[in-house]
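Asks: Below is the sequence, then the predicted model.
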Amino acid sequence: LDLSGQINGQQFEHLFLNASGVHCQSTTELDDLLNHPAVGGIVTKSATLEKRDGNPAPRYYELADGSINSMGLPNFGYDYYIDYVKQSHAKPTILSVAGLSAADDVQLLHQIQASDYAGLTELNLSCPNVIGKPQMAYDYAGTEALLKEIFAFFKKPLGVKLPPYFDLVHFDQIAAVLNQFPLTHVNTINSVGNGLWVDVASESVVIKPKGGFGGLGGRMVLLTALANVRALRQRLNDSIKIIGTGGVKTGADVFAHILCGAELVSVGTQLQVEGLSVYDRLTTELSRIMADKGYHSLSDFRGKLKTI
Ligand SMILES: CC(C)(C)CCc1c(C(=O)O)[nH]c(=O)[nH]c1=O
């Protein structure tokens, strides 16, 4: 079975990646991912200019059907991750970056442009914007201005990580912005923002930062993830590939992401819950579905979701 995909001409022999933020903060974690046969490529934890401790714990909580997190961008800083991705690796790497402001975003990309890293970069547009404004990806004019500034100097392959959208007009608006630029890919979705879990026994929230508000992941966000992959596939130029992220727990979920148009698929919460063996299970389950349907490669059904 051919379970490969391609972004900017970079061949991912196997469709699976980690979701940025999960199992990707240290080089040890990144090596573990790269060395796993059922992993096709890796994404780093979003790097900021300087190393960050992130938010006080508890900042991640596992639920029956997913997760909630408000990590606060804990990472070892740009230099740590650029040094890692610059090394030669057997599989494609995606360097994720997140500024704490648009100016930081520009600075990070100037540094990547000046480096000898030739791999894929992914700008996390869930990064904060100016105070009083929503996160960058929900500020359409802000995103357009930022990408115009970036593409004036950045000549290396660049994709963006997007939060989920929930209004069809918002899909139209973000796609109209992104289609203006030579992006290699869009990675969608990031966690569903500012959910809240209440523990009834203790009558309390379960994570410390932000009064308990945090990004949602896992099975509970699958339908939103599928909708965002599908809606953006229907709207974005064919040249902009989609990495499907969000809610993947079974091979059927992976199949659904590909049907909606995903080129590759990331696993986040379920990787956190199950460990690296999740990739073996998902590969087995996906392969069985494909075999039952007589498919030999992902391209046999990619983007071919039927409507009724
Ligand atoms: C939410 C931000 C802290 C602005 C970016 C980093 C991030 C985090 C995080 O580090 O809290 N968690 C997520 O689920 N997605 C993210 O993109």
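Replies: Now that the structure is in, tell me what you want to look at.

Asks: List the buried residues of stretch 267-285.
Replies: By neighbour count with 16 or more other C-beta atoms under 10 Å, stretch 267-285 contains the buried residues Val267, Gly268, Thr269, Gln270, Leu271, Gln272, Leu276, Val278, Tyr279, Leu282, Thr283, Glu285. In short, each C-beta sits where N, CA and C put it, glycine included.

Asks: mind listing the strands in the stretch 101-250 of the chain by residue range?
Replies: Here the stretch 101-250 of the chain has its strands, by DSSP state E, counting those that start in this stretch, at 120-124, 158-162, 185-188, 192-196, 198-199, 204-205, 213-217, 241-245.

Asks: can you tell me which of the buried residues of stretch 267-285 are in helices?
Replies: Using DSSP state H, Thr269, Gln270, Leu271, Gln272, Val278, Tyr279, Leu282, Thr283, Glu285 are the members of the buried residues of stretch 267-285 that sit in helices.

Asks: tell me which of those residues is nearest to the ligand?
Replies: Thr269 (9.7 Å; C-beta to the nearest ligand atom).

Asks: hmm, back to that, would you mind giving the ones in helices among the buried residues of stretch 267-285 as TSV with pLDDT and distance to the ligand added?
Replies: TSV is the format used below for those (pLDDT from 0 to 100; distance: C-beta to the nearest ligand atom, whole Å):
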residue	pLDDT	distance to the ligand
Thr269	98	10
Gln270	98	14
Leu271	98	13
Gln272	98	11
Val278	98	18
Tyr279	99	20
Leu282	99	21
Thr283	98	25
Glu285	99	25
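
Asks: just the helices in the protein please.
Replies: 27-34, 78-86, 102-114, 140-151, 168-178, 222-235, 251-259, 269-274, 277-293.

Asks: Summarise which helices and strands the shortest one is packed against.
Replies: If I follow you right, that is helix 269-274. Applying 3 or more C-beta pairs under 8 Å, 6 or more residues apart in numbering; DSSP states H and E, one finds that helix 269-274 contacts strand 60-63, strand 66-69, helix 277-293.

Asks: right, so of the ones you listed, which gets closest to Pro157?
Replies: Minimum separation from Pro157 across the helices and strands packed on helix 269-274 (C-beta to C-beta) falls at helix 277-293, 24.4 Å.

Asks: what comes into contact with the closest one?
Replies: 1, 3, 14, 16, 36, 38-39, 248, 250-252, 254-255, 267, 270-271, 274, 296, 300-301 (C-beta atoms under 8 Å, 6 or more residues apart in numbering).

Asks: go on, stretch 207-223?
Replies: 19, 55-61, 63, 65-70, 72, 164, 189-198, 204-206, 246-249, 253, 256, 268-270, 273.

Asks: Return the residues of the stretch 201-308 of the chain in contact with the ligand.
Replies: Within the stretch 201-308 of the chain, the residues that sit near the ligand (C-beta under 6 Å from any ligand atom) are Gly215.

Asks: Which residue does the stretch 201-308 of the chain have closest to the ligand?
Replies: Closest point on the stretch 201-308 of the chain to the ligand, by C-beta to the nearest ligand atom, is Gly215, at 3.6 Å.

Asks: Give the bridge partners for that residue, please.
Replies: Per DSSP bridges, the residues bridged to Gly215 are Asn69.

Asks: Model confidence for it, exactly?
Replies: Per-residue confidence (pLDDT) for Gly215: 98.

Asks: How many neighbouring residues does it have?
Replies: When neighbours are defined as other C-beta atoms under 10 Å, Gly215 has 22 of them.

Asks: Smallest gap between the stretch 1-150 of the chain and the ligand, at which residue?
Replies: Here the residue of the stretch 1-150 of the chain nearest the ligand is Met71; by C-beta to the nearest ligand atom that distance is 3.5 Å.
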